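S.K.: Build me a model from this:
(chains A and B)
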Amino acid sequence: MATRREQFLARLIPMATGFATLILLLALWQGAAMAGYVNTFIAPAPWDIAQSFPDLFADEDVLGALAQSFAETFGAAAIAGAIGIPIGWWLHSRRLAGLAFENWVANLAAAPLVLLYPLFLVVFGRNAATIVAMAVVTALPPIVLKTKEGLDGVRRTLINVGRSLRLSHRQIFLRIMLPAAAPVIGNGLRLGLILSLISVVGIEFLIHFGGMGDLIATLGDRFEVAKMFAAICFVLLTSVAFFFIGEQVDKWLARS
Amino acid sequence: MAGTLVNRQHVRRRRLSPITAMRGAAVIVILALWQAISASGLLYNGVIPSLLAILRALVQVVFGSELYRNMAVTGFEVLGALLIGGIAGIAAGLALGASRFLSRAYEPYVHYLAPTPKIVFLPVLMAALGVGPASKLALGAISAFFPMALSIAAGVRQVDPVLLRVARSFRLSRFQIVRMIYLPALVRPISVGLRLAFGLAMVGCLLSEIALSNRGLGYLAAQDYAHFQIAHMYAVLIVVFVLAAAGNAAIVWALRRPGEA
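M.R.: Okay, here's the model as predicted:
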């Protein structure tokens, strides 16, 4: 049986290897850029990218762009939740509706919905409403599906206990079904939030209307390559942090 | 026996019919709503064209040559992206799934980078590969890589260890183990990964065509939008969605298990 130290080392050594590989790749890239093997107009040296991070904060209002992207993302996810959870509940409570439309929603989840953005562009114009509407459409299917899945999975025994205590339908839903389904619904909201963020950044990039996507596109248009790489790193890191936090909340919901 | 079967089929038919009716009603309601909004004048003229105008545009698009020229370009990009991203994803997934050390070392990077918006790489790819199909294909390949790698890695880990022990006790070679145990077990993960990869590759290629291109279905839709040929744009989008659904169905069909309908 492995001791605690051995278990710790069994986790630490691979993690350190992964991190060392990352550092090695960055060092190789730096060396190749300095030796002239890499065109720095296309891929600037990692050190130059790191140095342009402060400029990104000082000159480009990266925090403002991030705030805009996040506001659109959370706004869209909230709207998608407000629409998607009742639809999921409807698909759960009306068996026929569930049988008729669950597959449709699943197909929508797999469809390239983001390509509908020209449709929203002609309806709402080139503004934040288009970005939010598009993100709502992208975030909706997983929220609907996970809400239905969560409610379908509530144990009959719990509902029967509620009935034997003469709780009303509303009370059974609010006090028993919703808390029991919360981890799965939370999972759906997390997926919706991630899809919403991806959609927001993508549409901002395409329609040049503020936010992180627009910042990257603008820096690319201005050929400020090091800053553009810094902005890309920033978007990737915030997305990773976003995903990580969501995952932790999900685990916490599943435990509680 | 035969009577029971007929009864079951009868019950199934009876069960199916309200579902079909409900679906039909939903389609009619959606189309009627569309037509009503189009006729109401609530939105700018032409923003929501009538169903007839869209149908006319669809016929025009389908019977014109422009669609097929651009479809060939997008098809090339998506298939190329699937091939490159898919093969790289399968290789990475096999390595991550088969080795616990590699999984712990590198899988977190793949796992956390997978849900990031890949479109942010487009300016870099365009600078490196130009504005032609190569940059679109590369973005599609990056998008396709992640779901494939994660799906295969999870699939490899789910292979029953008993089967592997039996294979070793029969002294099967590594190639035989891959062919006889891993590959049959990986059909479903490959199918799931390929479907996700196909959708993401398609989005990647089309969005990059919309951003900057002079050919492809994304370019066609963007041009229609720029020239306010909205009915034509909707027709192109319908074609894109039909192609996406057909591609998805083709993958499911191609990778179905023997005996599956």
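S.K.: Give the burial count for A:Ile131, as a bare number.
M.R.: 34 (other CB atoms under 10 Å in any protein chain shown). Where C-beta positions appear, they are placed from N, C-alpha and C, glycine not excepted.
S.K.: Apologies, that question was intended for B:Leu33.
M.R.: Other residues near B:Leu33 come to 10 when the count uses other CB under 10 Å.
S.K.: what about it, helix or strand, and which?
M.R.: Counting by DSSP states H and E, the secondary-structure element that holds B:Leu33 is helix B:2-40.
S.K.: What average pLDDT does that helix get?
M.R.: Averaging the model's pLDDT scores along helix B:2-40 yields 76.
S.K.: What of stretch B:242-257?
M.R.: Throughout stretch B:242-257, pLDDT has a mean value of 84.
S.K.: got the contact list for that stretch?
M.R.: Contact partners of stretch B:242-257, identified using CB atoms under 8 Å, 6 or more residues apart in numbering or on different chains, comprise A:107, A:110-112, B:71, B:78, B:187-188, B:190-191, B:194-195, B:198-199, B:202, B:217.
S.K.: wait, isn't B:Ala105 in contact with A:Met15?
M.R.: Yes - counting by CB atoms under 8 Å, A:Met15 is a contact partner of B:Ala105 at 6.9 Å.
S.K.: Between the two, tell me which one has more neighbours.
M.R.: Neighbour tally, B:Ala105 and A:Met15, criterion other CB under 10 Å: the higher count belongs to B:Ala105, 20 against 12.
S.K.: show me where the chain has helices.
M.R.: All of this refers to chain A. With helices called from DSSP state H, chain A shows them at A:4-35, A:46-51, A:53-59, A:62-93, A:95-110, A:117-124, A:128-152, A:156-164, A:169-171, A:178-207, A:211-221, A:225-255.
S.K.: Oops, wrong one, chain B.
M.R.: Along chain B, the segments classed as helices by DSSP H run B:2-40, B:51-63, B:66-98, B:100-113, B:122-129, B:133-157, B:161-169, B:174-177, B:183-185, B:187-211, B:217-226, B:230-254.
S.K.: Mind listing what's buried along the second one?
M.R.: Using 16 or more other CB atoms under 10 Å in any protein chain shown as the burial criterion, the residues of helix B:51-63 that qualify are B:53-54, B:57-58, B:61.
S.K.: If we only consider those, which is nearest to chain A?
M.R.: Among the buried residues of helix B:51-63, B:Ile54 lies closest to chain A (CB to the nearest CB), at 11.5 Å.
S.K.: these two touch, right, the closest one and B:Ala235?
M.R.: Yes - assessed by CB under 8 Å, B:Ile54 is found in contact with B:Ala235 at 6.2 Å.
S.K.: picking up where we left off before, to B:Leu164, which of the helices of chain A lies closest?
M.R.: helix A:4-35 (21.1 Å; CB to CB).
S.K.: So what's the gap between that closest one and the chain middle?
M.R.: What separates the centre of helix A:4-35 from the centre of its chain is 27 Å, taken as CA atoms, centre = their mean, to the nearest Å.
S.K.: For A:Gly18, the count of nearby residues, please.
M.R.: Applying other CB under 10 Å, we find 17 other residues in the vicinity of A:Gly18.
S.K.: Spatially nearest residue to it, not counting backbone neighbours?
M.R.: Leaving out its chain neighbours, the residue that sits closest to A:Gly18 by CB to CB, 6 or more residues apart in numbering or on different chains is B:Ala105, at 3.9 Å.
S.K.: any idea how far the one you found lies from A:Thr3?
M.R.: When CB to CB, to the nearest Å is applied, the distance between B:Ala105 and A:Thr3 equals 22 Å.
S.K.: can you tell me which residues contact the residue sitting nearest the centre point of chain B?
M.R.: To find the centre residue of chain B, average its C-alpha atoms and take the closest one (CA atoms, centre = their mean): that gives B:Gly199, at 2.4 Å. Taking CB under 8 Å, 6+ apart as the contact definition, B:Gly199 lies against A:110-112, B:244, B:248.
S.K.: What of B:Phe101?
M.R.: With contact set as CB under 8 Å, 6+ apart, B:Phe101 has these partners: A:13-14, A:17.
S.K.: same thing but 6 Å
M.R.: Applying CB atoms under 6 Å, 6 or more residues apart in numbering or on different chains, we find B:Phe101 in contact with A:Pro14.
S.K.: Distance of it relative to A:Leu12?
M.R.: B:Phe101 sits 12 Å away from A:Leu12 when distances are taken as CB to CB.
S.K.: Show me which residues of chain A sit near chain B.
M.R.: For chain A, the contact set with chain B under CB under 6 Å from any CB of the partner chain comprises A:14, A:17-18, A:42, A:96, A:99-100, A:110, A:112, A:114-115, A:118, A:122-123, A:194, A:198, A:201-202, A:205-206, A:216, A:220, A:232, A:235-236, A:239-240, A:243.
S.K.: how far away is B:Leu150 from B:Val73?
M.R.: Summarising the geometry, the distance separating B:Leu150 from B:Val73, computed by CB to CB, is 29 Å.
S.K.: What of A:Ala106?
M.R.: Computed as CB to CB, the A:Ala106 to B:Val73 distance reads 30 Å.
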